[in-house]
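In: Could you look at this predicted model? Sequence included:
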Amino acid sequence: MDFLQLRLRPGIADAVDPPSRLPVPAKKLLTGSPHAHNVVRGLVATCAQRWWRFLCGTTPTPSAARAAAISLGLLVCDPGRLPLPVLVRAASRPTADMYLPEALLQEIVRLGERALCPQQARWPYRVHSGEISFNPAYWSDSEMKGLLWLEDELSGCLLDLYEKHRPGTLERRAMNLLWQARKVA
């Protein structure tokens, strides 16, 4: 069943800039140091490639925090639900409507693609004024609630499909990733 073959593209790790190449330590960026704004402004202004910010956690993220993160242009990855890029990619596959409700697929593509816009689109840099702009009304309340519900609903549907058609696949992949991470550490 090719619908469930969702793999990372080769070289995806190369797209993530290692913290050692940032002009300030990553810890300062994560703690909201005054340097963080300058680094983000520099990245937005000079980066020729598209980039995204991720918020990853080991515990489920509350809905209010997920909504705030999405409204700021962050992609949220937490246990219990699949990341939005995985859901959008699965929904856009030609055979998706054979396994999942078509209305849900259309909505996750519509709202998900908007949520997946790169940082340069969400926080446009105005060269002439040297400012980064942000539109707080980018999402209406109903759209945000719909996107959060769709993430939960489609995550459950896809995880159920994996369990039904490929039992143990995700667990084996997780164990393999853990083993590889331990080898590197």
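Out: Arrived safely, thanks for sending.

In: Report the buried residues of stretch 154-166.
Out: Within stretch 154-166, the residues scored as buried using 16 or more other Cβ atoms under 10 Å are 154-155, 157-158, 161-162. C-beta: built from backbone N, CA, C; applies to glycine.

In: Outside of that stretch itself, list whatever touches it.
Out: Outside stretch 154-166, the residues that touch it by Cβ atoms under 8 Å, 6 or more residues apart in numbering are 1, 3-4, 80-82, 86-87, 90-91, 99-101, 104, 108, 169-170.

In: Including distance to residue 68, pLDDT and secondary structure, could the buried residues of stretch 154-166 go into a markdown table?
Out: Below are the buried residues of stretch 154-166 laid out as a markdown table (distance: Cβ to Cβ, whole Å; pLDDT from 0 to 100; DSSP: H, G, I helix; E, B strand; the rest coil):
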| residue | distance to residue 68 | pLDDT | secondary structure |
| --- | --- | --- | --- |
| 154 | 21 | 95 | helix |
| 155 | 19 | 93 | helix |
| 157 | 25 | 93 | helix |
| 158 | 25 | 91 | helix |
| 161 | 30 | 90 | helix |
| 162 | 29 | 87 | helix |
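
In: Please spell out the ChimeraX selection for the buried subset of the contacts of stretch 154-166.
Out: Buried members of the contacts of stretch 154-166 can be picked out in ChimeraX with the line below, counting by 16+ other Cβ under 10 Å:
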select :3,4,81,82,86,87,90,91,99,100,104,108
